[in-house]
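>>> Would you be able to build a 3D model of this:
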Amino acid sequence: MPPRPRFDRRAPVRELPNINDRISYPNLRVVDADGSQLGVITREEALDVARDRGLDLVLVSEKADPPVCRIMDYGKYKFEQEKKAKEAKKKSHQTEVKEVKMRYKIDSHDYQVRIGQAVRFLKSGDKVKCTVIFRGREIQHTALAEVLLLRMAKDLEDNAEIQQLPKREGRNMIMFLSPRKQAAGKAGAKSSAAAAIPAPTPLRVIKTPGT
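Below you'll find the predicted structure:
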């Protein structure tokens, strides 16, 4: 029986940034903190300049000849990069398909609950799959289910537009709605059109002698 592999308890190796003493190239092209060029100088000279300014020497282009470094506050730079990444992540919404299920004999209260769920999903930028479930002999009433789905589309028309009309799939009938994007555009177009209409020219009354 082969020996069992031993568990590696060593911590994973983290890739450290190439800054300050971790830069090993003898000669470097250095850019100062204000963007000015310091030219090609030795590694020791570049480190001395960075220390005098209370900043870091950061390798920004390893493939250049000689490699390019910049003098900067690396801690501040890293913080700003992480902040930008978080903001970009918040802005990038991944569209999902959220499902709203119901029976064709749904009562008024439950129907309004489904409408509220769909509105929340649509306002979050997600698509909505509206599903009517049939049980037993209810499959005979597909026409009523279609009427219900079209009614839902009508009630949600301020926030949604139909992506796929009601369609039977197995023992279900489904309809897909997507967020309405034209709502804001239409409002903006109306205000732009109103602004484009010239104001009426005021009438000038010309008085003649003797009047």
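>>> what packs against the helix or strand residue 176 falls within?
Take DSSP states H and E as the rule and residue 176 turns out to sit in strand 172-179. Judged by 3 or more Cβ pairs under 8 Å, 6 or more residues apart in numbering; DSSP states H and E, strand 172-179 is in contact with helix 108-123, strand 127-133, helix 142-155, strand 160-169. Where you see a C-beta, it was placed from the backbone N, CA and C, and this is true even at glycine.
>>> Can you lay out these as a markdown table showing mean neighbour count and mean pLDDT?
Below are the helices and strands packed on strand 172-179 laid out as a markdown table (neighbours: other Cβ atoms under 10 Å; pLDDT from 0 to 100):
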| stretch | mean neighbour count | mean pLDDT |
| --- | --- | --- |
| helix 108-123 | 15 | 93 |
| strand 127-133 | 21 | 94 |
| helix 142-155 | 17 | 93 |
| strand 160-169 | 15 | 92 |
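>>> What residues of the helix ranked longest in the chain count as buried?
Using DSSP state H to define each element, the chain has its longest helix at helix 74-91. Under the neighbour-count criterion of 16 or more other Cβ atoms under 10 Å, helix 74-91 has 74, 77 buried.
>>> How far off centre is it?
Distance of helix 74-91 from the chain centroid (Cα atoms, centre = their mean, to the nearest Å) equals 15 Å.
>>> can the helices and strands packed on strand 172-179 go into CSV with extra columns for distance to residue 179?
Below are the helices and strands packed on strand 172-179 laid out as CSV (distance: least, Cβ to Cβ, whole Å):
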stretch, distance to residue 179
helix 108-123, 5
strand 127-133, 7
helix 142-155, 13
strand 160-169, 6
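>>> domain parsing for the protein?
Annotated domains of the chain cover 20-82, 97-181 [automatic domain parsing].
>>> contacting residues around the longest helix of the chain?
Contact with helix 74-91 is made by 17, 19, 55-56, 58, as judged by Cβ atoms under 8 Å, 6 or more residues apart in numbering.
>>> How far off centre is whichever helix or strand comes after that helix?
Counting by DSSP H and E, the next helix or strand C-terminal to helix 74-91 is strand 97-102. Relative to its chain's centre, strand 97-102 lies at 23 Å (Cα atoms, centre = their mean).
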